[in-house]
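A.B. asks: Below is the sequence, then the predicted model.
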Amino acid sequence: MGFSLSWVAVRGKTPAAVHSELGLAPTGAREDVAESPLVSAALPNGWTLVLANRTERFVDEALLRRLSTGCELVACSVEDHVMVSRASGWADGRQTWSVDHDGSDGPPGVEIEGSPPAALESIRQHLDESQKSSDGEVDFLYEAPVDLAKSVTGFRHDDDVPRGGTFEVLRETARRPFWRRLVGR
C-alpha cells in the first residue's frame, strides 16, 4: 500500500505555537510509529514536526505562507501509490524553493523552483547513478524531494522515530469547514 502523508517541520517557533497556529493540541497519548491521523515530535536539531497521515493537509500554500511567518519551514508530502513526492522550503511567509517529482506518467524527473539547498546536487547525482544502473523498474528520483527535506530537517517519514523515541498524538481544536475535512486539508 505504501505511504500517503504530509508533514511540516518548523524552526523558530515553539511547539505550542506551531500546534496553536495549526488548530491542534496534544492529547497526551504517544506512539512509537506515526499511525494516528495527526502526530508531532520535537526533532533533535530544533525543528518541530507535525505529520498528517492519509492527507495532503500540509501542501496548502496559504497555510504554509501563514505558518512560516517569522520562522523557517520545510513541508514534504509523499503519495507512494502514484509515485508523487514534493518538498518545499519557506521563510517569513514566502516560498524559497520547491522540488517536485511526479512519476505517475512519463519519464522520471524532478521539477525545481527557487533556490533549493545545496544538498540537492549530491542527492540528484546519487539517485541518477542508481537510476542508470537499474533495470528501469525502480523510479529512484522519487526519493529526491524526501531526501532533500531530510537533509534540512533530519526527518524522513520511513526512518527511525525522532528523539525521545515516540510521537505525540494530536487532536484538532478548531473545526475546519466540511469541504476541507473532505479533501484532507
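C.D. replies: Structure's in. What do you need? Numbering: from 1, shown residues only.
A.B. asks: I'd like to know which elements the lengthiest helix in the chain is packed against.
C.D. replies: Counting residues, the longest helix in the chain under DSSP state H turns out to be helix 119-133. Where contact means 3 or more CB pairs under 8 Å, 6 or more residues apart in numbering; DSSP states H and E, helix 119-133 is packed against helix 144-153. Any C-beta I mention is one placed from the backbone N, CA and C, and that applies to glycine too.
A.B. asks: Show me which residues of the next helix or strand after the helix it packs on are buried.
C.D. replies: Downstream of helix 144-153, the first helix or strand assigned by DSSP states H and E is strand 167-172. Buried positions in strand 167-172, judged by neighbour count with 16 or more other CB atoms under 10 Å: 167, 168, 169, 170.
A.B. asks: ok, back up a step: can you list contacts of the longest helix of the chain?
C.D. replies: Applying CB atoms under 8 Å, 6 or more residues apart in numbering, the set of residues contacting helix 119-133 from outside is 99, 108, 110, 112, 138-141, 143-144, 147-148, 151-152.
A.B. asks: re the thing from before, turn the buried residues of strand 167-172 into TSV, columns for pLDDT and distance to residue 31.
C.D. replies: Converted to TSV, the buried residues of strand 167-172 look like this (pLDDT from 0 to 100; distance: CB to CB, whole Å):
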residue	pLDDT	distance to residue 31
167	93	5
168	94	8
169	96	6
170	97	11
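A.B. asks: Let's verify the residue lying farthest from the centre of the chain: helix, strand, or coil?
C.D. replies: Largest separation from the mean C-alpha position in the chain: residue 135, at 29.0 Å (CA atoms, centre = their mean). For residue 135, the secondary structure call by DSSP: H, G, I helix; E, B strand; the rest coil comes out as coil.
A.B. asks: Show the pLDDT at it.
C.D. replies: pLDDT recorded at residue 135 is 72.
A.B. asks: try residue 8
C.D. replies: 97.
A.B. asks: Isn't it up against residue 58?
C.D. replies: Yes. If you go by CB atoms under 8 Å, residue 8 and residue 58 touch, sitting 4.7 Å apart.
A.B. asks: quick one on the thing from earlier: now do the longest helix of the chain against helix 144-153, angle only.
C.D. replies: Helix 119-133 and helix 144-153 are oriented at 140 degrees to each other (axes from the mean of the first three to the mean of the last three CA atoms, to 10 degrees).
A.B. asks: Distance-wise, check residue 50 relative to residue 65.
C.D. replies: From residue 50 over to residue 65 the distance is 16 Å, taken as CB to CB, to the nearest Å.
A.B. asks: who's more crowded, the two?
C.D. replies: residue 50 (24 against 15; other CB atoms under 10 Å).
A.B. asks: Isn't residue 153 up against residue 10?
C.D. replies: No. When contacts are counted by CB under 8 Å, residue 153 is not listed as touching residue 10 (9.5 Å).
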